[in-house]
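Peer 1: below is the sequence, then the predicted model.
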Amino acid sequence: AQTVTQSQPEMSVQEAETVTLSCTYDTSESNYYLFWYKQPPSRQMILVIRQEAYKQQNATENRFSVNFQKAAKSFSLKISDSQLGDTAMYFCAVKETSGSRLTFGEGTQLTVNP
Amino acid sequence: DSGVTQTPKHLITATGQRVTLRCSPRSGDLSVYWYQQSLDQGLQFLIQYYNGEERAKGNILERFSAQQFPDLHSELNLSSLELGDSALYFCASSVGITGSTDTQYFGPGTRLTVL
């Protein structure tokens, strides 16, 4: 079974600064995918970034990047130049290649302060 | 806008009743997933359909059922509703089952309130 742990229930950051959200996971498979989704106050689930476990290069999407440490089963999200619109709940998720379900962590509520 | 649509946005009903939640996947997506987000259990996978067939089951109660129709839209049926069924129900879709195309895109959700 796959599990995901997000140890930071809440975080805050000043606008324009950088913040890192932590995520650890466990899976018995060697092939899997990792995701970060954000859920703003509108409650919509929005894909932020995706990482294939077989790729050593860390994924980047504009101001969002990940630090993927496969051996440590760690998948942190770095947000650079934080904006007010980044205020949201952020969920880390894992999906094994052999399966179809996403397993989510408990989420981290990020608040960007002006 | 993810391209996944869900109706209705809000649903208020009484205990013991039955409701149907509807989802239309993104154009070209064959897989539909249902998730439940509640305060006490977080985001939980319920069930997946691929091209009309059930492919995976998660923590779905026996009172709940789903189906995917030939036009690929899906419905989640919740019956004998209890207070604890109050939650946000998400539908997600993806192109296929495995591979890099399997990223799931979520609809806006249906908020169900059982009184």
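Peer 2: Yep, that arrived.

Peer 1: so which bits of stretch A:82-101 are buried?
Peer 2: A:82, A:86-97, A:99-101 (16 or more other Cβ atoms under 10 Å in any protein chain shown). Every residue, glycine included, has its C-beta placed from N, CA and C.

Peer 1: residues of chain B that sit close to chain A?
Peer 2: B:2, B:31, B:33, B:35, B:42-43, B:45, B:48, B:50, B:55-56, B:58, B:88, B:90, B:92, B:97-100, B:102-106, B:108-109, B:111 (Cβ under 8 Å from any Cβ of the partner chain).

Peer 1: now the buried members of these.
Peer 2: B:2, B:31, B:33, B:35, B:43, B:45, B:48, B:50, B:55-56, B:58, B:88, B:90, B:92, B:97, B:102-106, B:108-109, B:111.

Peer 1: once you drop chain neighbours, what's closest to the most centrally placed residue in chain A?
Peer 2: Residue closest to the average C-alpha location in chain A (Cα atoms, centre = their mean): A:Trp36, at 3.3 Å. Residue nearest to A:Trp36 in three dimensions, not counting chain neighbours: A:Val48, with 4.3 Å by Cβ to Cβ, 6 or more residues apart in numbering or on different chains.

Peer 1: for A:Ser7, same thing?
Peer 2: For A:Ser7, the closest residue by Cβ to Cβ, 6+ apart turns out to be A:Ser22, at 5.8 Å.

Peer 1: neighbours around the one you found, how many?
Peer 2: 17 (other Cβ atoms under 10 Å in any protein chain shown).

Peer 1: surely A:Ser30 is in contact with A:Ala53?
Peer 2: Yes. Using Cβ atoms under 8 Å, A:Ser30 makes contact with A:Ala53 at a distance of 7.3 Å.

Peer 1: so between those two, which is more surrounded?
Peer 2: Between A:Ser30 and A:Ala53, counted using other Cβ under 10 Å, A:Ala53 has the larger neighbour count: 21 against 10.

Peer 1: next SSE downstream of the host helix or strand of B:Tyr35?
Peer 2: Using DSSP states H and E, B:Tyr35 falls within strand B:31-38. Using DSSP H and E, the next helix or strand after strand B:31-38 towards the C-terminus is strand B:42-50.

Peer 1: partner strands of the strand holding B:Tyr35, parallel or antiparallel?
Peer 2: Sheet pairing of strand B:31-38 (DSSP bridges) gives strand B:42-50 (antiparallel), strand B:87-94 (antiparallel).

Peer 1: got a list of what the most centrally placed residue in chain B touches?
Peer 2: Centre of chain B computed as the mean C-alpha position; nearest residue by Cα atoms, centre = their mean is B:Trp34, 3.0 Å away. Contacts of B:Trp34 were listed using Cβ atoms under 8 Å, 6 or more residues apart in numbering or on different chains, and they are B:23, B:45-48, B:60, B:66, B:74, B:76, B:89-92.
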